[in-house]
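Colleague: how would this look folded up:
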Amino acid sequence: MIDIENVAIRFRTAIEEAILTEDFSSDVNMLSFPRGCCGYASDMLQKLLFDQGITTWYISGQYSYGWDAESHVWLETDDGIVIDITGDEYCDREPPIKNCTKVYVGPRDDFHNLFRLDSPVPFSTKRPRYLQAAFEERYKKVMLHFR
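Modeller: Numbers count the residues shown, from 1 in each chain. Below you'll find the predicted structure:
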């Protein structure tokens, strides 16, 4: 079995390197990474893990309601291990939602328990055509830096 935490750290590093080398200069959705990129990052990491034989669930949730609502996405394994490579998008928030952990792999903690969860989504290679091309391009750019 692969070391999921090691893969998660290396994948996060690959995203950061792709941004630093301006591979995402024309992809406005990735320029604010990690802020607002939890879905994109989790989606790409889910593919990488799937390709390595690791089944994960795409977990999304909401914190609070109305104008103050926040959303977040991470992955979880069948045995409930959280894989979150963008938790630090909440580093500038006030407690209890403040989180400065770049990569977290472990059981659901206080931060992840704050969110009201949607139904988990398994990995799928099927996306609407207009989303598939952008996903493939992002994934390819990140994988150029994945070591």
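
Colleague: what is the host helix or strand of residue 139 packed up against?
Modeller: Using DSSP states H and E, residue 139 maps to helix 129-143. Of the remaining helices and strands, those touching helix 129-143 by 3 or more CB pairs under 8 Å, 6 or more residues apart in numbering; DSSP states H and E are helix 4-20, helix 38-51. C-betas here are computed from N, CA, C, even on glycine.

Colleague: contact partners of the first one?
Modeller: Contacting residues not belonging to helix 4-20 are listed as 24, 30-31, 33, 37, 41, 44-45, 48-49, 52, 54, 77, 81, 83, 85-86, 102-103, 105, 141-147 [CB atoms under 8 Å, 6 or more residues apart in numbering].

Colleague: could you do stretch 122-135 as well?
Modeller: 27, 29, 43, 44, 46, 47, 49, 50, 55, 56, 57, 58.

Colleague: one more: stretch 140-147?
Modeller: Taking CB under 8 Å, 6+ apart as the rule, stretch 140-147 contacts 10, 11, 13, 14, 15, 17, 18, 21, 23, 24, 44, 48.

Colleague: picking that back up, farthest-separated two in the contacts of stretch 122-135?
Modeller: Greatest spatial distance among the contacts of stretch 122-135 (CB to CB): 27 and 55, at 28.1 Å.

Colleague: neighbour-wise, which of those two wins?
Modeller: Neighbour count, other CB atoms under 10 Å: between residue 27 and residue 55, residue 27 has more, with 16 against 12.

Colleague: which one is the residue most central in space within the chain nearest to, not counting chain neighbours?
Modeller: Closest to where the C-alpha atoms of the chain average out (CA atoms, centre = their mean) is residue 42, at 2.8 Å. Nearest residue to residue 42, sequence neighbours excluded (CB to CB, 6 or more residues apart in numbering): residue 73, at 4.7 Å.

Colleague: what pLDDT is listed against the one you found?
Modeller: You'll see residue 73 listed with a pLDDT of 98.

Colleague: nothing else from me, thank you.
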